[in-house]
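Q: I need the structure of the sequence given here:
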Amino acid sequence: MPKECVLCGLPITSKNDSKEHLIPNAIGGRKKVAGFICKNCNSKGGQDWDSELARQLNPLSVLFGISRERGEVPAHTIETANGKQLRLNADGSMGLTKPKYDVTPHKSGISINIHARSNKEAKQMLTGMKQKFPHFDIDEIMNNAQSQSYYPDGMINLKLPSFGGHMAGRSIVKTCLALAVESGVNPSSCNISKDYVTKPNGKACFDYYYERDLVVNRTEGTIFHCVSVFGNPDTKQLIGYVEYYSVWRMIVCLSDKYEGARMARTYALNPVSGEEIKMEVDLSSLAPGDIAALFRRERMSYDSVKKAFEKVMPVAIKQSQQKELNRVVNEAVQYAFKKCGAKKGEMLTEEYIKKFTPLYMEKITPFIIHQLKIPKK
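A: Numbers count the residues shown, from 1 in each chain. Model prediction:
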């Protein structure tokens, strides 16, 4: 039987099959679902729905330093307690929010200090300034340029955007719908979710769920994304569950007219490594009355959301610190090798080592001082 795009109804062929990411790649998803939606709907959904979901989750994507199959996670602007803004990068480093330069006149000429966020950006700035200062030797300047790490003077205020809304919500519902279809459920059985993702004024069929932990084998300290679907012909329910970064937890109502076989399916992954995780989610205990009460917001607990964040934030901070340490050490070693005079593959003589050690410490000291300033719990 030929398959049709769940969103527009267009017959899916080998030419227009999009192989949709089950969980958006923008937040670390890997698994793809064929025969679900066409390329055109995939493109539109990605630009509108998935991009909004990724925007809302970007602070956590940066903090955890997730990996993507395509592209890099955009940096996120953070603010310190004293009002200074810095850019937090996915590799754990911090830097300027925008490039800048200053020109200082002297009797013998001028000095120019350039502060860029990358070597590429610095070279672009120098190329632009060469029109005014044609004597610039860009290659020589870049060869002598030094990178510098920025660390906040005080506590960081990491502001998280609100999560949900109709754009991101349609991405969440689409993810559950994709897993259901990939599991063999006929899309026509998913009446409620199909109405929501195909009609501009479709009624929202998802909401937060924190009444109890539905993940049976949750491991403390593990960060994951997961999606789960459960169909019960006895109650006519086809419901889904989505959890992102072990924090945001949503129930999705796919259908109230389900007549297929009893089924349960879960997919989960670690968004940092991209590895699939074996996970069990128990949706069988949710009765129709529970779903109705959920959508009336009778059981929403904001304190539960706070507790979920409190469990994952120490993990995020620890991972971020380790990544920054790895980056600083690697950068310090490369800098010291370059400046001490040793060539690639050459043994470090005693003379080189005497030069290497202070150069290495020059680069790693700002990180050490920053760590000493961090209040320990």
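Q: can you give me the helices in this structure?
A: 39-45, 51-64, 119-129, 138-144, 165-182, 191-198, 288-295, 302-340, 350-373 (DSSP state H).
Q: Which stretch among those helices approaches Arg265 most closely?
A: Minimum separation from Arg265 across the helices of the chain (C-beta to C-beta) falls at helix 165-182, 6.1 Å. Bear in mind the C-beta positions are built from the backbone N, C-alpha and C, glycine included.
Q: Without its sequence neighbours, what residue ends up closest to Tyr267?
A: Setting aside the residues directly before and after it, Tyr267 is nearest to Val227 in space (C-beta to C-beta, 6 or more residues apart in numbering), at 5.6 Å.
Q: do Cys5 as well
A: According to C-beta to C-beta, 6+ apart, the nearest residue to Cys5 is Cys38 (4.2 Å).
Q: Hmm, Lys15 and the one you found touching each other?
A: No: Cys38 is beyond contact range of Lys15, at 9.5 Å (criterion: C-beta atoms under 8 Å).
Q: Neighbour count for those two, which is higher?
A: Between Cys38 and Lys15, counting by other C-beta atoms under 10 Å, Cys38 is the more crowded of the two (23 against 7).
Q: give me every residue that touches that one.
A: When contacts are counted by C-beta atoms under 8 Å, 6 or more residues apart in numbering, Cys38 touches 5, 7-8, 10, 12, 16-18.
Q: mind checking pLDDT for it?
A: If you check Cys38, the pLDDT there is 95.
Q: Let me see the domain layout of the protein.
A: Dividing the chain into domains by automatic domain parsing, as the record does, gives the ranges 80-157, 162-300, 312-373.
Q: how far does the shortest one sit from the chain's center?
A: Taking the mean of its C-alpha atoms, domain 312-373 sits 27 Å from the chain's own mean (C-alpha atoms, centre = their mean, to the nearest Å).
Q: Can you name the residues bridging to the closest residue to Asn58 other than its chain neighbours?
A: If you skip the residues right next to it in sequence, Asn58 has His76 as its closest partner in space, 5.6 Å away by C-beta to C-beta, 6+ apart. The partner list for His76 in beta bridges (DSSP bridges) reads Leu88.
Q: Hmm, His76 is touching Leu60, no?
A: No: with contact defined as C-beta under 8 Å, His76 does not count as touching Leu60 (9.2 Å).
Q: With neighbour numbers in mind, choose between those two.
A: Neighbours of His76 and Leu60, each counted by other C-beta under 10 Å, are more numerous for Leu60; the result is 25 against 19.
Q: residues touching the more buried one, list them.
A: Here Leu60 is in contact with 160, 244-245, 247, 316 (C-beta under 8 Å, 6+ apart).
Q: Neighbour-wise, give me the winner out of these.
A: Once you tally neighbours by other C-beta under 10 Å, Tyr244 ends up highest among the contacts of Leu60, having 26 neighbours.
Q: Which strand residues bridge it?
A: Trp248.
Q: what's the distance between it and Asn144?
A: Separation of Tyr244 from Asn144 (C-beta to C-beta, to the nearest Å) stands at 44 Å.
Q: per-residue confidence for the most far-flung residue of the chain relative to its centre?
A: Distance to the chain centre peaks in the chain at Lys107, reaching 50.7 Å (criterion: C-alpha atoms, centre = their mean). Reading off the per-residue confidence, Lys107 sits at a pLDDT of 75.
Q: Same check on the one 5 residues further on?
A: In the prediction, the pLDDT value recorded for Ile112 is 74.
Q: Please name the nearest non-neighbouring residue to it.
A: Taking C-beta to C-beta, 6+ apart as the measure, Ile112 lies nearest to Val103, with 5.3 Å between them; neighbours along the chain are not counted.
Q: how about that neighbour, what does it touch?
A: Listed by C-beta under 8 Å, 6+ apart, the contact set of Val103 reads 110-112.
Q: one more time with 10 Å, if that's ok
A: Residues near Val103 by C-beta atoms under 10 Å, 6 or more residues apart in numbering: 110-113, 129, 132-133.
Q: what number of residues lie near Val312?
A: 19.
Q: Now stretch 96-114: buried residues?
A: Neighbour counts using 16 or more other C-beta atoms under 10 Å place Ile114 of stretch 96-114 among the buried residues.
Q: end to end, how far does that stretch reach?
A: In stretch 96-114, first residue to last residue: 12 Å (C-alpha to C-alpha, to the nearest Å).
Q: Likewise for stretch 340-356?
A: Across stretch 340-356, the straight-line distance between its terminal residues is 6 Å, by C-alpha to C-alpha.
Q: Can you pull out the low-pLDDT segments for the protein?
A: Counting by pLDDT under 70, the chain has low-confidence residues at 1-2, 146-161, 297-301, 370-377.
Q: thinking again about what came up before, so which of the helices of the chain gets nearest Val216?
A: Closest approach to Val216 among the helices of the chain is made by helix 302-340 (16.5 Å; C-beta to C-beta).
Q: what angle do that closest one and helix 350-373 make?
A: Note on geometry: by axes from the mean of the first three to the mean of the last three C-alpha atoms, to 10 degrees, helix 302-340 and helix 350-373 are set 160 degrees apart in direction.
Q: For helix 302-340, name the packing helices and strands.
A: Taking 3 or more C-beta pairs under 10 Å, 6 or more residues apart in numbering; DSSP states H and E as contact, the helices and strands that helix 302-340 lies on are helix 51-64, strand 206-208, strand 248-255, helix 350-373.
Q: Good, we can wrap up now.
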